[in-house]
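[1] What shape does this take:
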Amino acid sequence: MFSTPSTKDAEWLRTDHRHPRRYLSFNVPKPVMKDNLMYDAFDFWARLSKDFDYDVVRGVFASTKKTKDEL
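    Below is the predicted model:
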């Protein structure tokens, strides 16, 4: 099984359903756990899909489930 790469200076917590974007920020002098890794980028793509009815990951329009070439 996997273990956490914690050290005496930092406790590295696992991600879970409540904290899916949890990460260890290597701050000096002491690393700290933070949430929302790359939140701005995630939020941008999530809003883009909602605002324009296009799923950029799958390459299909959300309402029809068809690609741009099928339309």
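[2] For residue 55, which residues are in contact?
    Applying Cβ atoms under 8 Å, 6 or more residues apart in numbering, we find residue 55 in contact with 49, 61-62. All C-beta atoms are positioned from the backbone trio N, CA, C, and that covers glycine.
[3] Bridged to it, which residues?
    Beta bridges link residue 55 to residue 60 when assigned by DSSP bridges.
[4] Low-confidence ranges, this structure, go.
    Within the chain, the ranges that satisfy pLDDT under 70 run 1-4, 68, 71.
[5] Return the residues in contact with the residue positioned nearest the centre of it.
    Centroid-nearest residue in the chain: residue 21, 5.3 Å away (criterion: Cα atoms, centre = their mean). Counting by Cβ under 8 Å, 6+ apart, residue 21 makes contact with 15, 35-39, 42.
[6] From residue 34, how far off is it?
    From residue 21 across to residue 34, the span is 9 Å (Cβ to Cβ, to the nearest Å).
[7] got it, and residue 42?
    Distance of residue 42 to residue 34, computed by Cβ to Cβ: 14 Å.
[8] What separation do you get for residue 12 and residue 39?
    In terms of Cβ to Cβ, residue 12 sits 19 Å off from residue 39.
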